[in-house]
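In: kindly return the folded structure for what I paste below:
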Amino acid sequence: MITAEIVNEIPEGSTLEIPPDALVTPLARSTALSRRVRLVTAAQQPAPDDRVIALGADHGGYALKETLKVWLQAEYTTIDCGTNGPESVDYPDFALAVAQLVADGRAWRGIMIDGAGIGSCMVANKVPGVRAAMCYDHATAVNSREHNDANLLTLGAGLIGSNLAKQIVETWLKTEFAGGRHAKRVDKIMAVERKYRE
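Out: Now for the predicted structure:
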């Protein structure tokens, strides 16, 4: 039986896999809805090759987005949120589009690229349920996933080249959340979000 207590132990905005024959209490469903915890049966869990990645960029990240998109499509389904050319645009518009897809559960993960990665990270973290991390090397990619369960990655195209970007993205996508003591800390992050959202 899946109860509200079980749902409350899951980090907000994540997915709880339940057995196909599990009974879910009405309060558990309500709690899951309010905490944006997606309840899926084991059969509904997406296979790794069915995972969807939302991609976005401003003009500074456009070329790198296009490079990463082609590379990612060998293994993942991608949703391109734009921009679609090198003309000057505002990064908040595209960071928001990527973040909303992640928060709504339409994308498994999000990747947003601008000149430095910082502004887009700030925008994405304003969207409830998003835990965005700006990563610039292997160590930050691992830490953001293992410790913080980041679900959106921001990159600075002006700071890293395409080879390093691919290494960061590959590490970030393949690194699992460690849970344990880190789950408690992620829960505290989400509690801060709930406090200011209410």
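In: going by C-alpha atoms from here, please, whenever you check contacts or count neighbours.
Out: Noted.
In: list the buried residues for the longest helix anywhere in the chain?
Out: Identified as the longest helix of the chain according to DSSP state H is helix 181-197. By 16 or more other Cα atoms under 10 Å, the buried positions in helix 181-197 come out as 183, 186-187, 190, 193.
In: contact partners of that helix?
Out: Residues outside helix 181-197 that contact it (Cα atoms under 8 Å, 6 or more residues apart in numbering): 10-12, 128-129, 146-149.
In: residue contacts, Leu159?
Out: Neighbours of Leu159 in contact, by Cα under 8 Å, 6+ apart: 115-116, 136.
In: which element is it on?
Out: Taking DSSP states H and E as the definition, one finds Leu159 inside no helix or strand.
In: for the spatially most central residue of the chain, give its distance to Val130.
Out: In the chain, the C-alpha nearest the mean C-alpha coordinate belongs to Asn151, at 2.1 Å (Cα atoms, centre = their mean). For Asn151, the distance to Val130 equals 6 Å [Cα to Cα, to the nearest Å].
In: between those two, which contacts overlap?
Out: Common neighbours of Asn151 and Val130 (Cα under 8 Å, 6+ apart) are Val102.
In: quick one on the thing from earlier: biggest separation within the contacts of helix 181-197, which pair?
Out: By the measure Cα to Cα, Pro128 and Glu146 form the most distant pair in these, at 20.3 Å.
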